[in-house]
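Student: turn this into a structure:
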Amino acid sequence: MWRPLFKSASGEEAIEKLLRDNILFSDVTARQIGFERNMVHLGRYRQTELIFRRGETAVGMQIVCKGSVACIVKLFATSMYQHLVGYQR
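Tutor: The predicted structure is shown next:
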């Protein structure tokens, strides 16, 4: 489920802080942060839910703020999976 992340003025400040605290946005101007802030959406995922599949076209950038993500690959012509990186149980 996707929805705009925060709607209040304090929520917008929280988004700006999230972006400024991320190394990818450390050299971005305040004006650029304001532009990016308007494009931020929150995605909440249940445990074991797929975020995307290999080969899908990316529609944005995912920043994990809380929790963890694992990258796994389904082995060709089997029901087995190979863990590549990230959290593993």
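Student: so how far is Gly60 from Ile33?
Tutor: Using Cβ to Cβ, to the nearest Å, Ile33 is found at 17 Å from Gly60. Glycine gets a C-beta too; all of them are placed from N, C-alpha and C.
Student: more crowded one of the two?
Tutor: Using other Cβ atoms under 10 Å, the more surrounded residue of Ile33 and Gly60 is Ile33, with 15 against 10.
Student: thinking the more buried one is in contact with Leu19, fair?
Tutor: Yes - Ile33 is within contact range of Leu19, at 5.5 Å (criterion: Cβ atoms under 8 Å).
Student: overlap of the contact sets of those two?
Tutor: Residues touching both Ile33 and Leu19 (Cβ atoms under 8 Å, 6 or more residues apart in numbering) are Phe25.
Student: in this structure, which spans are helices?
Tutor: Secondary structure of the chain (DSSP state H): helices at 9-21, 30-37.
Student: tilt between the longest one and helix 30-37?
Tutor: It refers to helix 9-21. Between helix 9-21 and helix 30-37, the angle comes out at 110 degrees (axes from the mean of the first three to the mean of the last three Cα atoms, to 10 degrees).
Student: just the C-alphas of helix 9-21, formatted as CSV.
Tutor: Provided in CSV are the C-alpha atoms of helix 9-21 (Å, rounded to 0.1, in the frame of the first residue of the first chain):
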residue,chain,number,x,y,z
ALA,A,9,3.8,20.7,8.4
SER,A,10,5.6,18.7,11.1
GLY,A,11,5.4,15.7,8.9
GLU,A,12,7.1,17.6,6.1
GLU,A,13,9.8,18.6,8.5
ALA,A,14,10.2,14.9,9.4
ILE,A,15,10.6,14.0,5.7
GLU,A,16,13.2,16.7,5.2
LYS,A,17,15.1,15.4,8.2
LEU,A,18,14.9,11.8,6.8
LEU,A,19,16.3,13.0,3.5
ARG,A,20,19.0,15.2,5.0
ASP,A,21,20.2,12.4,7.3
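Student: so for it, what's the average pLDDT?
Tutor: Taken as a whole, helix 9-21 has a mean pLDDT of 81.
Student: now do that helix: which elements does it pack against?
Tutor: Packed against helix 9-21 by the contact rule (3 or more Cβ pairs under 8 Å, 6 or more residues apart in numbering; DSSP states H and E) you find helix 30-37.
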